[in-house]
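A.B. asks: kindly generate the corresponding structure for this input.
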Amino acid sequence: MPSALKLEVTDVSASPSSPAGNLETLEPSHLEISSQILSIISRYKLAKDTFLAGTKDGTTFLAHIHSKVAAKESILMCLPAFPFKSPNNTAKVFGRLPDKAEEFALAHLNGLCAAIGDIYTPGARLMIVSDGLVYNDLLGVPDRDVWAYGEALRALRARKDFRHIEFCRLKDIVHVDVPDELDEIRYVANATNFRHALLQQFSKPGYNVSLRISEDEDTCLTYRGYIKFLETDLQNVYPIGEGRSKSKYKKGVEYIAKQMLTRGDAFARAVRQRFPDRLRLSIHPSTGENKLSINLLPTDTSFTTPWHCSIAFRLDGTVITGHRSQFDTNEEFELVCEQGRPSYFRERSALLSWASEKGGITCEPVYPTGLVIRPAAGRNSLSVRDVDAAKVRALSQLNSPIVLRGFARTRNRDLLVAKAHEFGVPTPWEFGMPDLNVRGADTHRVTNFLSVTEDESETSFSMPPRFQFFAAMIESPKDTKPALFSSSALLFKHLPAHLSLPSLHPLTGAISLSSTITRSLPLVVNHPATNCLPCNVPKSLRHDRRIAYYHTWEKGDLLVCDNTVTTLHQWSDHSAAWNREIWKIHFE
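C.D. replies: Sure thing, here's the model as predicted:
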C-alpha cells in the first residue's frame, strides 16, 4: 500500500462525517484487499496527476471498493473515451479507424482489470462508454466515421481476447425508441436523435459554462485539455487563411471547447445515472474528487489518448507516442502497415528483415514487451531452417521474448538442437542435458537458477543460462495459465517511488523451489554487457501486467529470450489437465 494511501486512511478514519465512515471498523482483510485494488488502479494514473491527493477523495473510492469486496462482487469501472479518430489525419493520426495505438491502449486497460483479478477472485470489468456522438458534429466528423470506429474497436477486442473490456454507446444511456440491434444505416439515421435526447434529458437548467470554468478546477482542467487538442484537430477543418485569422481561429476553438463542456456535463450526468455503481475513470487530469484520472497508453510522453496521436516503437521495445508528423519526418523511424492500412512506426533496423527471397517476415510488437515474428507470405511459407538465428538473438538482447510463430517444421529434436547451435553454444542445465521435454505438471523442474545439495539441507545460487530457446509441441488450452516473461527494463521503470536501483544492489532475498528455500540471493546483479537483472523480486512486481508478458502457447511456437538482460522467465501454475510438452534448450 503506498505511503500516501496509508496516511489518507489514517487521517480520515477519525472523522465520523467521512463518506466512508470509520475505516477502523471495517473488516481488516477486506480493507487490505480494497487498498491493494486501489493501489493497482493508481499504477495507471496520468504521469503528472496527483491521484488521491486529497484525503476525502481516496477514502471515497476506497469505501466504494470495500463495499464490493465485502459483498464478493466484481469491481466495475466505466470510462468515457474512444470517441473517433482526430479529423486531422495528416499531422496527428493515420485515418478514421483504430490502429496499433488503440490496440496497446485496450491491452493496457485490459491488463489493469486482469491485475485486479490476480489478487481478487471476482475480478474487474471496465465499461468503455463511447462519447463519439456527443461531440463529433462539433469537429466535423461524420456519424458514419463514429460508427466505423466503434465497430472496429469491438472487432479488435474480440480478435485480441480483451475479455475484461466492454463497450457502451450513447443510445444505451439515453431514452430513444430504436431497435436494440443497430446497423450502420439505423445508427447514422438516429445519431441526431441521440444527441438531442442527451441534451433534453440530462442538461442542467441554467448551466453557465464560463462560470463553471472559473469556479470548478476539474472543469477548468478539462477545458484546457480541450483547447490543446482542438487547436490541432481543427487545423484542416477550419484552416487559417483568407477570411479566418489566427485570433478568429483561436476564438472559434474556445467556443467549440465550451460547447463540448456543456454537452460533456450532460453526458457525465447520463453516465452517472446509467452506471451509478461503477468507479468513474477519466482520461483528463482531475482533482480526484469524483473520478480517477488514468493513462491509456504505456508512454512517458504527454500524448496519452490513441485517437489523438500515433504510436512508435524503439528497437528495445520503448513506446513513444506523438503526432504522426513528428515520425513522418524522422528518418530513424519507418511506417508499418497492418491489414493494408498504416498502423504504427518502428525504429529502422536490418534486424527486422530477413528471408526476403521467400517472402520475408513481419515483426509485431507485443504488449508490454517482446515481438512476434511470422512469415509474411503466410503460415508455413518459411521453416525453422529459414530463421536468422543471429538476428533473433540480437533482437532478444534488446526486447525479449521473441516469439517465432507459423514457421513450418517437423517434430525433429536434432533439427531444433542444430538451430540452437546457430543461436549460440547449447549448455547443460541442472539435469545435465542440453534440452528437456517439459510435460504435465512437472512445473517445479524448470526453474533453472538453483542447485540443490543431495541432502537438500542447503542450496546454492548458480548463474542462469544467458539465453533460453523453447519449442511448443502442443497448444495450451484456453483455461491454462500462461507462461510469464517479465521485462527487467520495465521492472526498473516501474519500481515504487521509494525504491531506486542503487538501493537494491546490497539487498538479498529468498526463492522457494518445491519444499526447498534458498536464502541470501542477491536481489539485483550486474550484467557484464548492458544492464542489471533483478534475480529475486516480489511477485507483485514480477506479475505486474505493465511488466510481464503473459504467453499462451500455440502448437509450433518457437520462443527465444535473453535470460540475463531483458527478461526473467518463470512458469505460472496451471490447473488444466493437459499433456504439456515444451522443449527447452539453454545456450550462451
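
A.B. asks: can I assume residue 108 is in contact with residue 297?
C.D. replies: Yes. Counting by C-beta atoms under 8 Å, residue 108 does reach residue 297; the two are 6.4 Å apart. Heads up, the C-betas are built off the backbone N, CA and C, glycines and all.

A.B. asks: mind giving me the packing neighbours of the helix or strand where residue 414 lies?
C.D. replies: Assigned by DSSP states H and E, residue 414 falls within helix 413-423. Contact here means 3 or more C-beta pairs under 8 Å, 6 or more residues apart in numbering; DSSP states H and E; on that basis helix 413-423 packs against helix 389-398, strand 435-439, strand 467-472, strand 581-587.

A.B. asks: which other residues reach that helix?
C.D. replies: For helix 413-423, contacts defined as C-beta atoms under 8 Å, 6 or more residues apart in numbering pick out 384-385, 387, 389-390, 392-393, 409, 426, 434-435, 467, 469, 471, 560, 583, 585, 587.

A.B. asks: tell me which residues in it are buried?
C.D. replies: Neighbour-count burial for helix 413-423 flags 416, 419-420, 423 (criterion: 16 or more other C-beta atoms under 10 Å).

A.B. asks: the following helix or strand past that helix pairs with which strands, and in what direction?
C.D. replies: Using DSSP H and E, the helix or strand that follows helix 413-423 in sequence is strand 426-427. Each strand paired with strand 426-427, and its direction, by DSSP bridges: strand 581-587 (antiparallel).

A.B. asks: what is the mean pLDDT for the partner strand?
C.D. replies: Strand 581-587 shows a mean pLDDT of 83.

A.B. asks: what does stretch 229-239 give?
C.D. replies: On average, stretch 229-239 scores 96.

A.B. asks: chain center to that stretch, what's the gap?
C.D. replies: Distance, stretch centre to chain centre, for stretch 229-239: 29 Å (C-alpha atoms, centre = their mean, to the nearest Å).

A.B. asks: dump that stretch to CSV, keeping only the CA atoms.
C.D. replies: Output of stretch 229-239 as CSV, limited to C-alpha atoms (Å, rounded to 0.1, in the frame of the first residue of the first chain):
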residue,chain,number,x,y,z
PHE,A,229,-6.1,19.1,-28.8
LEU,A,230,-8.7,21.2,-30.7
GLU,A,231,-6.0,23.6,-31.9
THR,A,232,-4.5,20.7,-34.0
ASP,A,233,-7.7,18.7,-34.5
LEU,A,234,-9.4,21.5,-36.4
GLN,A,235,-6.5,22.8,-38.4
ASN,A,236,-7.8,21.1,-41.6
VAL,A,237,-11.5,21.6,-40.8
TYR,A,238,-11.2,25.3,-40.3
PRO,A,239,-7.9,26.3,-41.9
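
A.B. asks: which of the residues in it are buried?
C.D. replies: Here stretch 229-239 shows 229-230, 232-235, 238 as buried, counting by 16+ other C-beta under 10 Å.

A.B. asks: now the helices and strands packed on helix 413-423 in TSV, with mean neighbour count?
C.D. replies: What follows is those, written out as TSV (neighbours: other C-beta atoms under 10 Å):
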stretch	mean neighbour count
helix 389-398	20
strand 435-439	16
strand 467-472	25
strand 581-587	21
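
A.B. asks: tabulate those in a markdown table, adding columns for distance to residue 43.
C.D. replies: Output for those, formatted as a markdown table (distance: least, C-beta to C-beta, whole Å):
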| stretch | distance to residue 43 |
| --- | --- |
| helix 389-398 | 25 |
| strand 435-439 | 32 |
| strand 467-472 | 28 |
| strand 581-587 | 31 |
